[in-house]
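> A predicted structure for the sequence below; I have some questions about it.
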Amino acid sequence: MNKASVRLTTSMLILAGMALMSLLISAANGAERRPNFVIIYADDLGYGDLGCFGHPTIRTPHLDRMAGEGLRFTQFYSASPVCTPSRAALMTGRLPIRSGMCSDKRRVLFPNSGGGIPADEVTLAEALKAQGYATGCFGKWHLGHLPQFLPTNNGFDTYYGIPYSNDMDRLNDVGPQGRAAFWAPKIEYWNVPLMRGTEIIERPADQTTITRRYTDQAIEFMHSHKDEPFLVYLPHSMVHIPLFRSDEFAGKSARGLYGDCLEEVDWSVGQVLQALRDLQLDEQTLVFFSSDNGPWLSYNEQGGSAGLLKDGKGTTFEGGMREPTIAWWPGHIEPGRVTQELGSTMDIFTTCVTLAGGDVPADRVIDGVDLSPVLFDAGPSNRKSVLYYRGTQLMAVRLGPWKAHYFTQTSYRKEGNPREAHDPPLLYHLDHDPSERFNLNEDHPEVLAQIDALVAEHRQHLDPPRSQLEIPLAGAGD
Ligand code: MG
């Protein structure tokens, strides 16, 4: 070998060494960087309302693309058929009965409520903050509007949104009374506050631009925290009545006002995912899209559709609690998969905490399971059962494909909706009969015995605290 060849070989070795070092460094950096999490939560969205879940006229191209690039869940549940308990479960990974965030008297928190998320609950934001995450909440909170209950006192660095539902604080001397106000809603009918941190910055909130503003705030937060792991919780106040959308979406959907509002939520999803791509964070960010409960059917065309599922919001039939859910994480989740495995919004808590390198709290019962095997196509779901609570009452239980109803009751807004007890429970095979039409309880006593045993086991580890939803605001009447 002559001198020139030696020099060339040496330089090649040095270059190869440098390339290897840089590969090792980037691998080490990759290992250090924990995934970001974005949770987009719609309000009162029906299982059948998205294009990718079969709606014939509502256009949801961004959610459809998200599903095409990610994983669509066909059997994913919220932990309650109404707002406050459902959100408490998402934030804590626990059934609302364990945190006191449910009630049979007042089903959600109201502006005259004095309770909220208890200080000793560990929220997803608190658990991720402990792992060094930046945390932002942009949208409807509904876990207590007094300062101690607001997001910035429960693990979020930043909060921008409305503290409870957008139909609360109805001004009784403005506009048509009763349900008529919802058919042609105007901003000034509801004196809902918009908050930043713990301060009210606008009242009534201009709900026509609120979907757009939550989105802008969330994207701004992602930009300013692009160099550290973050949690963005984006609970839209749409498509809960009263329905509002910006001028750009007015009159655009074939599905009317509800469709306009949902198409704007879909736009929002597109903006968030594009921002992640632009920031080159798409392969470092796990995004979930789901809803807090099913469609509010008693509001006619202003409510959504549960598709082939029975009933809707407020009930423990499938339409009340099965949610159109999508998980997206390019490079980690295989594109275009559909899973029939079970999942729950409570599992989002456990999955995110685990992927962040943390441990879920060990000093309490956590109902969420790690969904990683389903997300990464590595095996069956860790979730085998679903408990359907209405307030503090366990109404129904799903075990594998079977669902037993101990009690049934239709939407709480409907007239004449008494609670019916069933002994033996009604039994449906949801894989064969997702619409819950054909009761098979006489044919399968062995399944009912298994479900009874599951209920007995569940009750052994249940110690419900005082209901937060029944605490009145000091000085306020109930
Ligand atoms: Mg809701």
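Alright, I've got the coordinates.
> And the helices in the stretch 1-150 of the chain, which stretches?
For the stretch 1-150 of the chain, the helices defined by DSSP state H, counting those that start in this stretch cover 3-32, 61-69, 83-92, 96-99, 124-129.
> ok, residues contacting the fourth one?
Here helix 96-99 makes contact (C-beta atoms under 8 Å, 6 or more residues apart in numbering) with 79-80, 84-86, 88-89, 92, 102, 117-118, 121, 364-365, 367, 389, 392, 462-465, 468. Just so you know, the C-beta spots here come from the backbone N, C-alpha and C atoms, and that holds for glycine as well.
> Show the overlap between the residues you listed and what lies near the ion.
When C-beta under 5 Å from the ion is applied, no member of these is adjacent to the ion.
> Only the buried members of those residues: can you turn that into a ChimeraX selection?
Of the contacts of helix 96-99, the buried ones can be selected in ChimeraX as follows, counting by 16 or more other C-beta atoms under 10 Å:
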select :79,80,84,85,86,88,89,92,102,117,118,121,367,389,468
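> can you point me to the longest strand in the chain?
The longest strand of the chain (DSSP state E) is strand 420-429.
> quick one: strands adjacent to that one?
Strand 420-429 has its sheet partners listed here by DSSP bridges as strand 402-408 (antiparallel).
> Get me the contact residues on the stretch 251-400 of the chain for the ion.
292, 293.
> Show me the strands in the stretch 301-450 of the chain, by range?
Using DSSP state E, counting those that start in this stretch, the strands of the stretch 301-450 of the chain run over 325-328, 337-339, 343-344, 385-390, 393-399, 402-408, 420-429.
> Setting the sequence-adjacent residues aside, check what's closest to whichever residue of the stretch 101-250 of the chain sits closest to the ion.
Using C-beta to the ion, residue 240 is the residue of the stretch 101-250 of the chain that sits closest to the ion, at 5.5 Å. The shortest distance from residue 240 to any non-neighbouring residue, by C-beta to C-beta, 6 or more residues apart in numbering, is to residue 43 (4.0 Å).
> what's the neighbour count on the one you found?
Counted with other C-beta atoms under 10 Å, residues neighbouring residue 43 total 25.
> From residue 183, how far off is it?
Residue 43 is 19 Å from residue 183, where distance means C-beta to C-beta, to the nearest Å.
> so residue 235 bridges to which residues?
Per DSSP bridges, residues listed as beta-bridge partners of residue 235: residue 41.
> what's the distance between it and residue 110?
In terms of C-beta to C-beta, residue 235 sits 18 Å off from residue 110.
> again with residue 186
Residue 186 is 22 Å from residue 110, where distance means C-beta to C-beta.
> just residue 236 next, same as before
Taken as C-beta to C-beta, the span from residue 236 to residue 110 is 20 Å.
> Of these two, give the one with the bigger neighbour count.
residue 236 (27 against 18).
> who are the neighbours in contact with that one?
40, 41, 42, 43, 139, 140, 211, 214, 265, 268.
> how deep is the second one tucked in, by neighbour count?
Using other C-beta under 10 Å, residue 41 has 23 other residues around it.
> What ranges does the stretch 51-200 of the chain have for its strands?
With strands called from DSSP E, counting those that start in this stretch, the stretch 51-200 of the chain shows them at 71-73, 76-77, 134-138, 158-161, 194-196, 199-202.
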